[in-house]
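[1] Got a sequence here, can you build the structure:
(2 chains)
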2 protein chains.
Amino acid sequence: MLKEDFTRYKKLYRENLFDNVIPFWMTHSLDKRNGGYYSCLKTNGDVYDTEKLIWLQCRQVWTFAKFYNEIERNTEWLNIAKHGADFLEKHGRDKAGNWYFSLQEKGAPLIQPYNIFSDCFAAMAFSQLSKALNNENYTRIAKQTFENILLRQSNPKGTYNKSYPGTRELKNLALPMILSNLVQELSHILDETTVKDQLTSVKDLIINQFYNADKGIIVENVGPNGEFVDSFAGRLVNPGHGLETLWFLMDVGEKLKDPKLIEKCANIVISTLEYSWDKDHGGIFYFMDLKGNPPEQLEWDQKLWWPHIEAMIACLKGFYHTQNPELWQWFVKLHDYTWGKFVDEEHGEWFGYLSREGKVTHDLKGGKWKGCFHVPRGLFNLWQLMDKLEKMQEKKVPIAQL
Amino acid sequence: MLKEDFTRYKKLYRENLFDNVIPFWMTHSLDKRNGGYYSCLKTNGDVYDTEKLIWLQCRQVWTFAKFYNEIERNTEWLNIAKHGADFLEKHGRDKAGNWYFSLQEKGAPLIQPYNIFSDCFAAMAFSQLSKALNNENYTRIAKQTFENILLRQSNPKGTYNKSYPGTRELKNLALPMILSNLVQELSHILDETTVKDQLTSVKDLIINQFYNADKGIIVENVGPNGEFVDSFAGRLVNPGHGLETLWFLMDVGEKLKDPKLIEKCANIVISTLEYSWDKDHGGIFYFMDLKGNPPEQLEWDQKLWWPHIEAMIACLKGFYHTQNPELWQWFVKLHDYTWGKFVDEEHGEWFGYLSREGKVTHDLKGGKWKGCFHVPRGLFNLWQLMDKLEKMQEKKVPIAQL
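    Residues are numbered from 1 along each chain as shown, chains lettered A, B, ... in the order given. This next block holds a predicted model:
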């Protein structure tokens, strides 16, 4: 039965990607007049806002370049990636090479470069596109941006940091988490020692400091030595973030040939899901408080598309590596919830935001934080993993206990 | 029948204030060891976080000082107000006299003074307390803080402003809105011309620029000349904010002897409620988009305590001035929703946050944004207005059409 499962899911993800998701962005997102992409798109694809968020511009460049590099040499995809990269190259940076947070439709800067993740996604985009085109200019942009990230990493917000220095120092998960993926993405343009050192350092940091062994989950902020800090930020859990981190780290484990890391991550996937699954209505909570206090975020109990697709990848990757049946069971549970709630077969792409009870709260497919990224990347990863599992079955490689 | 209604509501509000709300804060919020107040309190009053937000410290000082000044010379209330003021005077400001955004439990600064509303609520608190004690030092703090607000008002966020200058200039409602109340609060320590000029200027700004006559609502952000700007910020509607502004402006109308302003505001109360009332589940939406697009805020459809109590004040004040029966009908509808959903007769105070469907989402009575302010101020205002209406009825002053 199981091989049929792999085949069935593989077909489903591939078809949803090709028939439902890629066409949505190809049809609705290109700004042919001004360059770049629209990301604020209603359910049916209509543009409802023209702001160009650097995160989402970069992520769409990355997605189309990645698919050109790894699925097929489709020049239409390559042209879409270049269309975004041209706009970004022309308008995206200040004079010091920092990436703005957002631009207006024609490219004039709207929001200052206060957010280091704009730079992270820019490095990711230009590095992936440089692979497609062997373009030295794109390689240079990716490298310079990466070097700038490393320079800024001790105080990423710079003068926009509102914390009073010294009272309550906290380290945040997001940058090491993104680096654990970004360094792998850039491995073809960085020297091998840098790659190995960076990956070793971020995985140690995350596992030794951000992983809370008592609760079996990854937290968002810790004290200077990884200690728990009893404050809103110190108690904050973002389960989707943790789950995304865990599959990044499983890939780091493959790269560093560290099967223990992979096994550890696979186990934390299970404990994270046990911790964050809504027993009453299904789905993964957006935010939680480590001590069970009321979270600061009003939207804490909403169900968002990206934690669910990242959770599916984390489960399936963990299952591929460990064949632990609990991961397969969680995967099926997540798939059923996700497929029933987020997928929009009528208009393409997925809904992004549900109430706790699972009702769509936002009539959109894209906005200031949702663009052409998590869904296509997720479907691609899930399809590839199902393909590997299918091949393992064909070769009679044992998939234990099922 | 109507006089009995006024009497019944008056009794209800007074009793809820005295038996249910004031005791909650007196019992649970005082930090007797370090000074100041705890505001992060669970449903039952337990402290779940010790951060001291300047907004909430100031607002609690104001509430207890106000009640001492206007309800009764209760020295316990006065001591509670002084308890907060002492802590604020000692720890609240940087060297330039700007008010921090938050402090840790013992008073060390946590978040820099990026937020001008900390200063607004500090001026309000010290001014009200100076009235109680005739204390020159408190008067001086209130005055200096007010002058500082006026100096900072053209760029309130200072170096923390992330907008790139010149691309899309927007004016925000919040500061003129708060000034329309603060200047009245400070009228005993400002000269008469300043009071009159400031109030005239802010009411003109709000009515001529932030009021969108097409939709009959007040918006949060407009262009330099009051024009509509088609962006997330330009389309943003916060109905509770609008309704609170409207009762501030009715008081401005009384002060400036401008009955037309009062009548206009009373009419906008009705159109705002028609615009923002959730026809499916009842209650006022937290955020809306002027063009009906999906709002940026994930929590847009939640129902919060403060818009409902501010809406009740706006309706009842409008009804008191105009005797328009539509305002009474809206008042009754709001009362019924609010009393059924937010009041917690078991533990005291009110719940703060409901889902769209009206279910409590946060097990708390106070947090980073909810403290000892909207509920007691609202109950006091409603009680006083019911008392005035009752007296009008006794004197046979006609209350038209009912």
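[2] can you give me the helices for the stretch 201-350 of chain A?
    A:239-255, A:259-276, A:305-322, A:325-341 (DSSP state H, counting those that start in this stretch).
[3] can you tell which of those helices is closest to B:Leu246?
    helix A:305-322 (38.0 Å; CB to CB). C-beta here means a position set from N, CA and C on the backbone, and glycine is covered the same way.
[4] Now do the closest one and helix A:239-255, the angle between them.
    Orientation note: helix A:305-322 sits at an angle of 30 degrees relative to helix A:239-255 (axes from the mean of the first three to the mean of the last three CA atoms, to 10 degrees).
[5] Relative to B:His347, which of the helices of the stretch 201-350 of chain A is closest?
    B:His347 sits nearest to helix A:259-276 of all the helices of the stretch 201-350 of chain A, at 28.0 Å, using CB to CB.
[6] If you count neighbours, what's buried in that closest one?
    Neighbour-count burial for helix A:259-276, with 16 or more other CB atoms under 10 Å in any protein chain shown as criterion, is recorded at A:261-270, A:272-273, A:275-276.
[7] can you list contacts of it?
    The contact list for helix A:259-276 (CB atoms under 8 Å, 6 or more residues apart in numbering or on different chains) reads A:203, A:207, A:211, A:215-218, A:237, A:239, A:242-243, A:246-247, A:249-250, A:252-254, A:284-285, A:288, A:311, A:314-315, A:317-319, A:321-322, A:324, A:326-327, A:330, A:334.
[8] Dump that helix to CSV, keeping only the CA atoms.
    Only the C-alpha atoms of helix A:259-276 are listed here, as CSV (Å, rounded to 0.1, in the frame of the first residue of the first chain):
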residue,chain,number,x,y,z
PRO,A,259,23.1,11.5,11.3
LYS,A,260,22.7,12.2,15.0
LEU,A,261,21.7,15.7,14.3
ILE,A,262,19.2,14.5,11.8
GLU,A,263,17.7,12.0,14.2
LYS,A,264,17.6,14.6,17.0
CYS,A,265,15.8,17.1,14.7
ALA,A,266,13.3,14.4,13.6
ASN,A,267,12.4,13.8,17.2
ILE,A,268,12.0,17.5,17.9
VAL,A,269,9.6,17.7,15.0
ILE,A,270,7.3,15.2,16.9
SER,A,271,7.5,17.0,20.2
THR,A,272,6.9,20.4,18.6
LEU,A,273,3.8,19.1,16.9
GLU,A,274,2.5,17.5,20.1
TYR,A,275,3.1,20.8,21.8
SER,A,276,1.5,23.1,19.2
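[9] pretty sure A:Ile206 is touching A:Met177, no?
    Yes - look at A:Ile206 against A:Met177 with CB atoms under 8 Å: they come within range, at 6.9 Å.
[10] So for these two, which residues contact both of them?
    A:Thr245.
[11] Tell me which of the helices of the stretch 201-350 of chain A sits nearest to B:Thr159.
    So among the helices of the stretch 201-350 of chain A, helix A:239-255 is nearest, using CB to CB, at 29.3 Å.
[12] Distance from the chain centre to the closest one, please.
    The chain centre lies 10 Å from the centre of helix A:239-255; the measure is CA atoms, centre = their mean, to the nearest Å.
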